[in-house]
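Asker: Have a look; sequence and predicted model below, questions after that.
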Amino acid sequence: MGAARRLVDADTGEAVPYAPYAFSGGGHTQVDKARVEAITESKEFTPSQKFLVLWWIGVSPEGMEPLRATGADIAKRVGMTADAVGKINRKLLKRRIVIERGRIGNYRLYRISPYIAFHGTGVEQREAIKSCNPPDIPGFQNKTPSRWEAQ
């Protein structure tokens, strides 16, 4: 497993407490709580659409990779019809909540917007948001200082 690393405060020389997250296996994702709150409280999204947003947050792979699954595959996993999943994904795509990241034949491959959730470093997330526009979320008041946005 390698040598244990000890984090040290550069100014004081004191050890910085460190512990890995106690999540179940499979890693974790950084989430913009304000955007997710705006989506889940919005009257413009149905409960099924809100559910699928949360599902996309949970299943989107690391970095900017797409989920390699068809609408029929997704429908089986979430207990919806393929038509319902397709309709919801198109609405989420139109609002840039999910983004298209490739195709296999006629199948579009999606992932959650890196503005909403991201599995990677802060530097990687800032680089990722350069490739897409922010999502259009009714009721979301962007309070992020401009210095944090991709230039």
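Answerer: The structure has been received and is ready for your questions.

Asker: alpha carbons only for contacts and neighbour counts from here, please
Answerer: Fine.

Asker: how near is residue 93 to residue 108?
Answerer: 11 Å (Cα to Cα, to the nearest Å).

Asker: now residue 57
Answerer: Counting by Cα to Cα - residue 57 and residue 108 are separated by 17 Å.

Asker: who has more neighbours, the two?
Answerer: residue 57 (22 against 17; other Cα atoms under 10 Å).

Asker: Show me the shaky parts of this protein.
Answerer: 1-5, 143-151 (pLDDT under 70).

Asker: Please, where are all the strands along it?
Answerer: Remark: strands assigned in the chain by DSSP state E are 30-31, 98-104, 107-112, 117-118.

Asker: quick check: angle from the third one to strand 98-104?
Answerer: Comparing the axes of strand 107-112 and strand 98-104 via axes from the mean of the first three to the mean of the last three Cα atoms, to 10 degrees yields an angle of 150 degrees.

Asker: For strand 107-112, which outside residues touch it?
Answerer: Here strand 107-112 makes contact (Cα atoms under 8 Å, 6 or more residues apart in numbering) with 53, 56-57, 60-61, 64-70, 97-103.

Asker: returning to what we had before: any shared contact partners between residue 93 and residue 108?
Answerer: With Cα under 8 Å, 6+ apart as the test, residue 93 and residue 108 both reach residue 100.

Asker: where's residue 87 relative to residue 54, distance?
Answerer: Counting by Cα to Cα - residue 87 and residue 54 are separated by 16 Å.
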